[in-house]
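Student: coords please:
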Amino acid sequence: MSHSPTFDEPDLLTVERAFERLVASGELVVVPATADELTRTVLPQGATVFGRLARRFRSVRLEVAEITFLLHGLAPIDGGLGRWKLETDSPELEIEIGAADAPDMVFDLTWSPKSGDEVVVHSTFLHFIVRAAVGNAV
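Tutor: Take a look at the predicted model:
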């Protein structure tokens, strides 16, 4: 099954730079990962962008929404669009990562009255979190 991002997305380098600016400004708050945590964390195979981020950080908090994404809190799933469910501190969110043909793909299955799409698809977690923070203003 092939998936395409719901929105036009900037290239990864542009999104990585935007992420770093958002961290520097405090719009995204990150908690560094420790070596001990990394020995216990299972990261999705093939999800290179997510893996790099999770090796640097334990969590990413979207300050404007007061939501924390626990990058080391992944649970394997069967029967979903993705292969891993990403843990957050918000029970309303339903975020899945990874597809057979795109291991870094993010599926946002969270219901929203503002969205006509049942599932919002992003190329990577970085694309997802930057869009959540600033929309198209990368």
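Student: and the closest residue to V30 other than its chain neighbours, what's its pLDDT?
Tutor: Take V30 and drop its neighbours on the chain: the residue closest to it by C-beta to C-beta, 6 or more residues apart in numbering is F57, 4.4 Å away. Just so you know, the C-beta spots here come from the backbone N, C-alpha and C atoms, and that holds for glycine as well. For F57, the pLDDT comes out at 98.
Student: for the protein, longest strand please?
Tutor: strand 67-76 (DSSP state E).
Student: ok, the residue nearest to V30 touching V29?
Tutor: No - with contact defined as C-beta atoms under 8 Å, F57 does not count as touching V29 (9.8 Å).
Student: mind listing the helices for this protein?
Tutor: For the chain, helices defined by DSSP state H occupy the ranges 12-25, 35-40, 48-56, 125-134.
Student: going by mean pLDDT, which of those comes out lowest?
Tutor: Among these, helix 35-40 carries the lowest mean pLDDT (a mean of 92).
Student: using PDB, write out the CA atom coordinates for that one.
Tutor: Provided in PDB are the C-alpha atoms of helix 35-40 (Å, rounded to 0.1, in the frame of the first residue of the first chain):
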ATOM      1  CA  ALA A  35      22.500   6.400  27.200                       C
ATOM      2  CA  ASP A  36      20.700   4.200  29.800                       C
ATOM      3  CA  GLU A  37      17.300   4.900  28.200                       C
ATOM      4  CA  LEU A  38      18.600   4.100  24.700                       C
ATOM      5  CA  THR A  39      19.700   0.600  25.800                       C
ATOM      6  CA  ARG A  40      16.100  -0.100  26.800                       C
END
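Student: turn the helices of the chain into TSV, columns for mean neighbour count and distance to H72.
Tutor: Putting the helices of the chain into TSV (neighbours: other C-beta atoms under 10 Å; distance: least, C-beta to C-beta, whole Å) gives the following:
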stretch	mean neighbour count	distance to H72
helix 12-25	15	18
helix 35-40	10	6
helix 48-56	18	6
helix 125-134	22	13
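Student: with T6 as the reference, name the closest of those helices.
Tutor: Closest to T6 of the helices of the chain is helix 125-134 (C-beta to C-beta; 9.6 Å).
Student: that closest one vs helix 48-56, what angle?
Tutor: Between the axes of helix 125-134 and helix 48-56, defined by axes from the mean of the first three to the mean of the last three C-alpha atoms, to 10 degrees, the angle is 80 degrees.
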